[in-house]
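[1] fold the following and give me the result.
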Amino acid sequence: MENLTNERQMENRKLIFETSQEYIANLMKDKLEAEKISVLILNQQDSMYKAFGSYELYVPVEDVDKAKAIVEQNQE
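    Next up is the predicted model:
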């Protein structure tokens, strides 16, 4: 049942940002949500070895262009 729920959450979402640092992922999420963009963070870090993996930010397909522009502005 949980996998089905996770699959539904990911439907119609696209990866727009990836980082190895949790605080950067959360900062970017806050900036996107301030612009009324729904954000889902997927933690892909290895639970034993924090040096491996990343945090991925997904947004609804209809917000991809706006979200990418916000990400680009905040990476400069």
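[2] what's next to the helix or strand that contains L15, contact-wise?
    Here L15 sits within strand 13-19, counting by DSSP states H and E. For strand 13-19, contacts defined as C-beta atoms under 8 Å, 6 or more residues apart in numbering pick out 25, 28, 40, 54-61, 64, 67-68, 71. To be clear about C-beta, it is placed using only N, CA and C from the backbone, and glycine gets the same treatment.
[3] please redo it, this time with the cut-off set to 6 Å
    25, 28, 54-61, 64, 67-68, 71 (C-beta atoms under 6 Å, 6 or more residues apart in numbering).
[4] buried subset of those residues?
    Neighbour counting by 16 or more other C-beta atoms under 10 Å classes 25, 28, 55-59, 64, 67, 71 among the contacts of strand 13-19 as buried.
[5] what about the closest residue to D63 other than its chain neighbours, which helix or strand?
    Among residues not flanking D63 along the chain, I37 sits closest, at 4.7 Å (C-beta to C-beta, 6 or more residues apart in numbering). Using DSSP H and E, I37 is not contained in any helix or strand.
[6] quick one: I37 and A67 touch, right?
    Yes. Using C-beta atoms under 6 Å, I37 is in contact with A67, at 5.3 Å.
[7] okay, and the common contacts of those two?
    Counting by C-beta under 6 Å, 6+ apart, the residues touching both I37 and A67 are V59.
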